[in-house]
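Enquirer: Give me coordinates for this.
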Amino acid sequence: MGIRPGIIFAKKTVKRVEGGENSMEENLIAPCGMNCGLCVSYLAMKHDLKKKGFSKSYCAGCLPRGKNCAFMKKQCDLLGNGHVRFCYECDSFPCKRLKALDKRYRTKYHLSMIDNLKCIQEKGMAEFLDKEEAKWRCAECGDRICCHNGLCLSCSLDILRQNRSYRWGEE
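Expert: Below you'll find the predicted structure:
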């Protein structure tokens, strides 16, 4: 698969999958395969947690901020300069850095960036977004679950208030 030099992806338009306000957005899928729409910083911004007494940093996502990819851009000129949309377009996919990132996220956060990228490559963005929407939907309220702590920031804030550094399944 060839690289398309000179194409910058950072200012990609928003595309929504059917399903309303909580639908996954294409521009929140980073080149490394991270779904920024599941990140604690994105969800904190979406739910304005600072107004609810939390001091969480806010982030609009890699592409909406024009960052191409927060995780990989310093190690990869192709991503850093916006010459590829996704890591799978690179001849080195998956590179050593992406494998390490994927291992950490699989272990701690129940998310595989490499699996995400393979799904996008093989099945397309629409099917990937549909799968993500179903996988990360809160059973209680239908909002999105955060990949970093496993909580819905709409209906599980009491757990986060009790333990501000809560991680998946802690008591």
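Enquirer: alpha carbons only for contacts and neighbour counts from here, please
Expert: Noted.
Enquirer: Could you look up the SS state of residue 88?
Expert: What DSSP: H, G, I helix; E, B strand; the rest coil gives for residue 88 is helix.
Enquirer: That one: what's it in contact with?
Expert: For residue 88, the contacting residues are 94, 117-118, 121, by C-alpha atoms under 8 Å, 6 or more residues apart in numbering.
Enquirer: and if you look at residue 109?
Expert: For residue 109, the contact set (C-alpha under 8 Å, 6+ apart) comprises 147-150, 168.
Enquirer: For it, give me the backbone phi and psi.
Expert: The phi and psi values for residue 109, taken as degrees, to the nearest 10, are phi -130, psi 10.
Enquirer: now the helices for the chain?
Expert: 40-46, 77-80, 96-109, 113-123, 125-135, 157-162 (DSSP state H).
Enquirer: export these to TSV and tack on mean pLDDT?
Expert: Putting the helices of the chain into TSV (pLDDT from 0 to 100) gives the following:
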stretch	mean pLDDT
helix 40-46	92
helix 77-80	78
helix 96-109	93
helix 113-123	97
helix 125-135	95
helix 157-162	86
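Enquirer: which one of those helices lies closest to residue 143?
Expert: Set against residue 143 and scored by C-alpha to C-alpha, those come closest in helix 125-135, at 9.4 Å.
Enquirer: Which elements pack onto the closest one?
Expert: helix 113-123 (3 or more C-alpha pairs under 8 Å, 6 or more residues apart in numbering; DSSP states H and E).
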